Each structure stands twice: as structure tokens, then as C-alpha cells.
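Peer 1: let's see this in three dimensions:
(3 chains)
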Amino acid sequence: MAIAQTALSNHGRVQQATHDPRWLRLLMIGTTVAFIVLFLVLPLAIIFREAFRNGLGAYLKSFQDPAGWHAIKLTLIATGISLPLNLVFGVAAAWAIAKFEFKGKSLLITLIDLPFAVSPIIVGLIYVLLFGMQGWFGKWLSEHDLQVIFAVPGIVLATIFVTFPFVARELIPLMQEQGADEEMAALSLGASGWQTFVRVTIPNIKWGLLYGVILCNARAMGEFGAVSIVSGNIRGKTNTLPLHIEILYNEYNVVAAFAMSSILAMLGLVTLVLKTVLEWKVQQQLRDTLEPTTAEAN
Amino acid sequence: MQLRLKQYSPLPGFGLTLGYTLAYLSLIVLLPLTALFMRSTSMTLDQFWQTIVDPRVLASYRLTFGTSLIGALINLFFGFIVAWSLVRYRFPGRKILDALVDLPFALPTAVSGIALTTIYAKNGWIGSLLEPLGIKVAFTPLGITLAMTFIGLPFVVRTLQPAIEELDGETEEAAANLGAGRWQTFWRVILPTVLPALLTGFALAFARALGEYGSVVFISGNMPMKTEISSLLIITKLEQYDIAGATAIAIVMLLVSFLILLSINGLQWWLSRGQRKSV
Amino acid sequence: MSIHVENVSKTFGNYTALKNVSLEIKDGELIALLGPSGSGKTTLLRIIAGMEIPDERDGSGIFFHGEDVSHRQVGARKVGFVFQHYALFKHLSVIENIAFGLRVRPKATRPSKKEILSKASELLNLIQLEGFGNRYPAQLSGGQRQRVALARALAIEPRVLLLDEPFGALDAKVRQGLRNWLRRLHGELKMTTILVTHDQEEALEVADRVVVMNQAVIEQVGTPAEVFHSPASEFVMDFLGNVNVFRGRVEKGRAVWGDGTVNVPGLQTSSNGLANVYVRPHELELLRHANGSPSLAARVNRINPAGSYAKVMLTANDGSDLQVDLPFEQFLELDLQCGEDVFVMPRRVRVFSPDYEI
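Peer 2: Predicted structure coming up:
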């Protein structure tokens, strides 16, 4: 990917070559700020405004709802299960794709990108089609007294579907860029496959891995549409946090709805911060890979 | 010459990793999607057709498609301005604004949904300003469009930024040297170069908006024939146990999304033929 | 450890990288695989290392000291491989890079932590980087990284050292220094070493024997003197050193030169026909007046006197361009000027043609 390298070398040159007249620059910057404030800052601000509208007391009271805590717990469970699974998947897929040449590779990459093209509602729908009462496995499940839809497993599955590309998509270009030379060197020195992976590959991808995990986490905790369908929306039993927020809002329990939202908003902000930091670290690692050797004195 | 599926490599773990990857993919993605398409065949073609041309369904298509398109177009225009400013200019707070662009990704859609609704409702921050002018935002297609814009914002900006960063300052200098004005340079040199990224971002924003639910459903008001988006219609049908109907609508939406995805890939491939980027 | 490569071929899809290549490498020698890109030299090296497997053919194999290692894994072959771009472990310090091969040994054969560190330190001294142990690859120069890569490979006490264009990415001066250093090191360790390079100067300077490769086959194997002064094929003659080529003729076993014919060692007296006549610039003489021996009339175009040899560029009266290298004293004696007409005489020619060689 020439992007990382040219971005670094071009920045200085382009800065000098900025021909945009001052008035244009001001106009563009002004528009940018206005646009971002209008569409992004405002929503963020209002979450906190509404949450604290009736003061700190009312804010804290919102968290005394047991249904709310249950929702938080369920969100954490769904995320806690899908994260490690997607992590392993992401690493496995990136290893297979980045270090080997085989037919069908681009098809595989497209398939991994699939969840981005499928609406979350449709995701929920297809799991209902599989595991719902009238679904393919519906009868088998009810015979064995197992429930997927309207129960935790369904929520976990839907969460996995919408979040599994994140780690893979981050690792694949990173590992492709890094090549397989270091792994080859380790093998030639007598390391086993596993030793090579742990001692050589993982240290090189750790920031990318973390980055993917952060994105995966944010999405998992915030997933709404898909979970909405498979969970059945039973308050106190199968509601994740976003679903619970919906219920509170529809009941005009505005303060509580926004109080709960503020947690997710803060999580969102933390995600943004971590994302920016990790992005920089990953670029740094990429830079080390591309760096030409400096030939000074022996 | 042997036809080899995979080139030899002494690196281990291919079978294991590929196997796990394929198994995971099949279970999570392929199997469920197959179920969807199989289910659709259980309906007769006639039933299928009846479902998707029902006036209420058609109205939802028009609404969803229209608002997504306009939202994506807004993002196309403003997204370019934002991406350009963030890459080319230095100003205080630039880094913060840059990080904020990803907010629609980081924030749960439901949270965005209620936040947007609150802002644009009659007594909201902006809604109250527009109300005296006779402009209603919440519970109208206008509000839906704004939500669509919100959700698609990062796509255009984030796909454009690397493309703008990669622009060789020298080609712009050359154009200026040859006498081109700034606008001409933009129109003839800059725009064609970033066009693939621009169109990709547009298509991504469009596809994402089409399927969006959480951030839109609160502000839309959900009045059938007027402000009912297709995703909501699917849920409604499900609640009525009309699984076949829900499936039919879903398939249409899915096909459109796939078409958009395919056209992105096709477009990228076609445009990069002429513009081979050398490493 | 001696290495025997027997009838090895390698194809990648439609592309043939190696065609029936056989090679015998003696224990302890430093051999260079020399050739242009695409000649197959790196492929051959990687096959010896076990990083590629040759096509399955009857009678093809790789033997280390008589043992068939064709189906043995990379790690089990005990080869020290030095990569073109070093492939140092970026996240490990220099000393840890060197110690890597020892640390990953199975418990049974692994030396104690103390031993590992002492061995690594020893190697650090060998490559003259004492005190650099705690630095990281990013903090080293290209030449230093290369030496670390070498030490890392040596740490596992390999049976053979394989170097893939090790000095390609370095400045000329650094390259020269490392070449000398490698030669000295080889003298000390006496380990069988195979060096892949496209730089003929490097191969001729460093190696005991040179294997000249071109387009998937071996053109010639010999000492540097042999391949340079007695090239076996047109390609070898052309690839090594400078050369003047004339599209000429052979008559009755002698090459036509200017107004006469000259002897070509090894040519049959009955040979006739078109031929390419090769002469090296330093094997030509310049005279102001013809002295009876066959000579080519030519005009001096340009003179480059900077160097131990003066390079004189001329155009012969049949239109061909040629270069003559004269020892500096001789050049001064002649006192040549541009535009002068002179006569060129060969001391030695070689003839290569489609029908026959030498």
C-alpha cells in the first residue's frame, strides 16, 4: 500500500504547494467546521444535555433500574462472546490471506466484507428464518428445548455477524504489507510454526489487532437493528442496552433514555480516542516496514 | 504444467487457518443467507410479486431509496469539502474534528437516532428554529434524509482522505505552471484523480443508508405510505408473522445492496485500469 | 558440507525458473551464483534452503553430504539464510535477534540462558558490533543490519551459509568493505557458503568458484579467472566485463579482421561463415601505422583518461564502435588526440556463432 508511504513523503511538499486562495481556504474550513458541528457535535452534545436535564440526581437515579442493569449485562455478554471469536477468526483469515497464494482469494475477501452490505434488519431476519419457530432448525430446536431466537444465543449470533469483519479487515492489509520474510527467517532458524506465530507475527501486528478489537467492540455494544429482531424485545430478559434505551424513549422516559445513552456515548468517545492513537501506531509500524536502509559508514 | 490451487510455501498453518475461516464464514454468513434465498423460493412468483408491488411497500422503497440517495449526494459534496480541509489545511481543532468524523461508527445507531430526533423535534435545538419558518424536520422525509446523511458521513470522508493525501503536489504545480487557474486545476487534474475514491465513498454511504434502521426509525415517525422506511416495514411484517412478506422485501433490498457492492468493485477495477498507481 | 544438486527444475505456472540444473559444491568453498534477474539464481538458492520445492521429476534431488534432503523442512535443514532485505525481527534487540535460533530450540537441545547469551555475545564480537547488543534494527545502518542478519544465521551453527544478494541495497563503499569482511570471515570459519548476486565484480572478487546462470540454466561453472578469460558461451563473455562485439565472418578457420585474418584458438580450419567476434578492450592494441599484421582502421572519438586504464572510444571505418583500454603509460606515449586515425590490432579474439562455439 503506497498510501502510508506517500502520505508521509507528500505532506511536506503539498503543504508548500497549497495554492488555494485565502478566501477559499477560509470558506472550506468554515464549511467543514459548520458541517461537522451540525451533524456530529450537536447530537453528541444533546445526549449529555438531556441526560442531565433534571440534574445529577435524576441522572444517577436512571441507573437504579434493574431492567437497565440486566440490559447492560446482556450487552456485555454478547460482546464478550463475539469479540474473542471474531478475534480468532480475524487472525486466522488474515494469516491465510496474507501469507499464502491461492485461488479464490479475492472471493474470500469479498465474502468477509459481506456484513457491510447487508442491512442489520436483514441480518435479524435471516437468523429468524434459520432458527425461528418456522425456521429450518425451528422444529429441531423446540424438540430439544433449545431457544435461539428471543434468547441470548440469537443475540450473540446476530452480534457476531455484524462485527466479524472488523479485525480481519484491519489485519489483512497490514499483514500483506509486512510480507512473510520475518516468518521465513524464523523458520530457517529452526522455529516451529507456533513459535514463529507467537514470537514474530503477533508482535508485528499487535497495534492493528487492538485497533480491530476496538472497532469490533464499539459495533458489538451498539448493535441495534439486528438484535432488535432476534431478541423479541422482552424487557428485563432479552434486551440489550440499545434496545432498553429504545423502550425508555418510547415511554417518554427521556432522562433515563439519555442517561443510558450517555454511557454508550462515552464509550463511543473513548473508542474514537483509542482509534486515533492506534491508527498512528499502526502507521508507525507500517513505516518501519517500508523504511529504506540508511547506508552510513559501516 | 500442473494446475495448483495453492503455491507451495514452507509457512505452516494454511490448512488450519483457511479451514477455520471457511467454517466460520459458512456458519455465520453463507448458511443464513442461503436460508433467506431458499425461503423466497417457497413463495410462488406471483405471491412474491404481489408483495413487492403493494403500494405501501412501493412507497417505502421510494422513500428509502430517495432519502438515501439525497443523503449520499449531500455527503458527496460536503464530504469532499471536509476531507479536503482536513488533509490540506492546518487549523486549530483539526485533529479533534478528524477524530469526530468516525462518530457515526462509534455511536450506537439507537443513540444517534434519539439524539437526532430530539434536536430536530418541534421544540428541539434546531427544530424550534425552523418551526416558525414553517419547516418541519422530525417525522418528515427531510428528517429521514438528515439521518441518512449522518450515517453516511464517515464513508465519503474516510475513503477520500487517503486519495487526497496521495495526490502528488507536483502535478498541481505542473498544471499551474502551464497556466491553469485553480478551478481548472481542480476540475481537470484533482477531481479525475480522486474520482474512484469519491464514487466508492458515495456508493458505500448509499448502501449503508439504504439498510439503516436505528438512526432513522426514531426521526421518521413511521407513518405508512408517508414516512415508513423499508427496514421498518420488514419488522412490521415480522411482527404480523408475515414471514414471507418480510423475506420478499428483504430480498429486493439485499439484491440492490449487492448490486451496489458489485458496481463499486467493478468501478474501482475499471477506473484503476487507466490510473495504475505505481508503488 | 558438500552440496549436490541433481537435475532440479522449477516452474511457477507458465514460467520456467529452473531447467534441469545440476551443480556440485565442495565442502568449505565459497561459491557465487551470478546472473541477471530472471536467471533462476535466487530460485536455486531458495530450493537449496527448502523455501521452495523443485518440480517432482525422476532423478532430481538435493543432497547435503550425500544425504537426500529434498523433502526436509526448512527448519530441519540447518541452513543459515541471509535475506536480501535482512528480515531482522524489528521488535527484538540486536542480541535477541542473534539469540533467536537458540531460544526456539526444543527443550531437549536448548542451551541454558547463560550459554545462549554468551554465544550471542561472541557472535556480536565476531561481527564487530560490541556494545550494540541492546539497540534495535531501526537504529542501525544498512551495513550493520546486514552483519546482524549474518550473525543471526551463524548462531544456529548451520552446515551451509546462503546469502541472497546480501549487499544489493547498500552504498558502493559499504559494499566493498563488507565484501572484504565476508571473504575474511569465510577464511576463518571455512563454512560452505553460497552467495547469490547480479554484481559480477562482487562474484569475481569474493568467490572461489562462480556459477554463471542465464534464463533458467547454468552457462558455466569455474574459477573467476576461468569464467573471465575462458568464457564457455557468448552469454558469459558478454555478461562479464566489457567487450567489443563485431558481426564478422570466419574464413578457413580464421576470423576476418580488417584487411586480413587472425587466429582464433580452438577453431576448426574448415570453419566458414558468419560469426560474432568478441574482443575485450584490454586485448586490443593501437598503432599509428599499420605494421603488416591484420588491423582495423578507426578514428578516435573520445578519450577518458581518468583511471588506471585510459579508455579510448573509436569508430571503425566499417561503422562499428569499439572501446580500447590502454595502460596509462602506453597512452601517454602514444599522445592520442580526438579525431586521429589509427589502427587497431587484436591480441586475442573469441568467436561465437549459432553453429559452433569458441
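Peer 1: element containing the closest residue to chain B within the stretch 151-300 of chain C, please.
Peer 2: Nearest to chain B in the stretch 151-300 of chain C, going by Cβ to the nearest Cβ, is C:Leu162, at a distance of 14.0 Å. The C-beta positions use only the backbone N, C-alpha and C, and glycine is treated the same way. Assigned by DSSP states H and E, C:Leu162 belongs to strand C:160-164.
Peer 1: now for that strand, which elements pack on it?
Peer 2: helix C:41-49, strand C:79-82, helix C:142-155, strand C:192-197 (3 or more Cβ pairs under 8 Å, 6 or more residues apart in numbering or on different chains; DSSP states H and E).
Peer 1: I'd guessed the residue of the stretch 151-300 of chain C closest to chain B sits against C:Ile47; true?
Peer 2: No: using Cβ atoms under 8 Å, C:Leu162 makes no contact with C:Ile47, being 10.5 Å away.
Peer 1: between those two, which has more neighbouring residues?
Peer 2: Set C:Leu162 next to C:Ile47 and count neighbours by other Cβ atoms under 10 Å in any protein chain shown: C:Leu162 wins out with 25 against 22.
Peer 1: in contact with the more buried one, which residues?
Peer 2: The neighbours of C:Leu162, taking Cβ atoms under 8 Å, 6 or more residues apart in numbering or on different chains as the test, are C:45, C:48-49, C:79-82, C:193-194, C:196.
Peer 1: buried residues in the longest helix along chain C?
Peer 2: For chain C, the longest helix by residue count, based on DSSP state H, is helix C:172-189. By neighbour count on 16 or more other Cβ atoms under 10 Å in any protein chain shown, the buried set for helix C:172-189 is C:174-179, C:181-182, C:185-186.
Peer 1: export that helix to CSV, keeping only CA atoms.
Peer 2: Output of helix C:172-189 as CSV, limited to C-alpha atoms (Å, rounded to 0.1, in the frame of the first residue of the first chain):
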residue,chain,number,x,y,z
ALA,C,172,29.2,1.2,-3.1
LYS,C,173,31.8,1.9,-0.4
VAL,C,174,29.9,-0.1,2.2
ARG,C,175,29.5,-2.9,-0.2
GLN,C,176,33.2,-3.0,-0.8
GLY,C,177,34.0,-3.1,2.9
LEU,C,178,31.5,-5.9,3.6
ARG,C,179,32.8,-7.9,0.7
ASN,C,180,36.3,-7.9,2.1
TRP,C,181,34.9,-8.7,5.5
LEU,C,182,32.9,-11.6,4.2
ARG,C,183,36.0,-13.0,2.5
ARG,C,184,38.0,-12.8,5.7
LEU,C,185,35.2,-14.3,7.7
HIS,C,186,34.9,-17.2,5.3
GLY,C,187,38.6,-17.8,5.6
GLU,C,188,38.2,-18.1,9.4
LEU,C,189,35.1,-20.2,9.5
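Peer 1: could you check the angle it makes with helix C:142-155?
Peer 2: Using axes from the mean of the first three to the mean of the last three Cα atoms, to 10 degrees, one finds that helix C:172-189 and helix C:142-155 are set 20 degrees apart in direction.
Peer 1: mind listing what's buried in the helix or strand of chain C at the bottom of the mean pLDDT ranking?
Peer 2: When each helix and strand of chain C is scored by mean pLDDT, DSSP states H and E, strand C:260-263 comes last, with a mean of 77. Neighbour counts using 16+ other Cβ under 10 Å place C:261-262 of strand C:260-263 among the buried residues.
Peer 1: which other helices and strands contact the helix or strand just after it?
Peer 2: Where DSSP H and E defines the elements, the next helix or strand beyond strand C:260-263 is strand C:273-279. Using 3+ Cβ pairs under 8 Å, 6+ apart as the contact test, the elements touching strand C:273-279 are helix C:234-239, strand C:244-251, strand C:254-257, strand C:350-352.
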